[in-house]
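Participant: Sharing a model that was predicted from the sequence below.
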Amino acid sequence: MNIIEILKQDYQRFPVNQTYSIYAEDVYFQDPLNKFRGVNRYKQMINFMQTWFLNIKMDLHDIQHLGDKIKTEWTLSWNTPVPWKPRISISGWSELGFNSDGLIVSHIDYWHCSPLDVIKQHFFQINH
């Protein structure tokens, strides 16, 4: 199975049963809130989400192989476990870089909103 198909399947079942074997041991991960190295830290972040967030859904809108990178467009949504359980939504894109072995060495997420916009969604209904 090629990397695009693996990623499509991972997005569909996110955050469950992710294919961590496609990542290099020292993969670099970055999003607007986190920056770290290592596939184990990446697993911990996914586990945290799976443990604390409710009804997580990752919608993949587009995936493209662009030279030595893969770019994905997505929307991540979940309910936060506070009494009113607001539905939170972040749309953005990821850029995945590869090494010569075909493993992902960098996974950088960009958001179409600010971290403050995400916090606001917990208190105000925001129409996208």
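Facilitator: Sure thing, it's come through.

Participant: make it CA atoms for all contacts and neighbour counts henceforth
Facilitator: Will do.

Participant: Give me the below-cutoff pLDDT ranges for this structure.
Facilitator: 125-128 (pLDDT under 70).

Participant: Now do the contacts for the residue lying farthest from the centre of it.
Facilitator: The outermost residue of the chain relative to its centre, with distances by CA atoms, centre = their mean, is residue 83 at 25.2 Å. Neighbouring residues of residue 83 by CA atoms under 8 Å, 6 or more residues apart in numbering: there are none.

Participant: For residue 111, give me its contacts.
Facilitator: Here residue 111 is in contact with 31, 32, 90, 91, 92, 93 (criterion: CA under 8 Å, 6+ apart).

Participant: for those residues, which one is nearest residue 66?
Facilitator: When those are ranked by distance to residue 66 (CA to CA), residue 93 comes first, at 13.6 Å.

Participant: my guess is the closest one meets residue 72, correct?
Facilitator: Yes: using CA atoms under 8 Å, residue 93 makes contact with residue 72 at a distance of 5.4 Å.

Participant: Using CSV, write down the CA coordinates of whichever helix in the chain runs longest.
Facilitator: Ranked by residue count, the top helix of the chain under DSSP state H comes out as helix 39-52. The C-alpha atoms that make up helix 39-52 are tabulated as CSV, following Å, rounded to 0.1, in the frame of the first residue of the first chain:
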residue,chain,number,x,y,z
VAL,A,39,7.4,9.4,17.2
ASN,A,40,6.8,8.5,20.9
ARG,A,41,5.9,12.1,21.7
TYR,A,42,3.6,12.1,18.7
LYS,A,43,1.9,8.9,20.0
GLN,A,44,1.5,10.6,23.4
MET,A,45,-0.2,13.6,21.9
ILE,A,46,-2.6,11.4,19.9
ASN,A,47,-3.3,9.4,23.1
PHE,A,48,-4.0,12.6,25.0
MET,A,49,-6.5,13.7,22.4
GLN,A,50,-8.1,10.2,22.4
THR,A,51,-8.4,10.2,26.2
TRP,A,52,-9.7,13.7,26.8
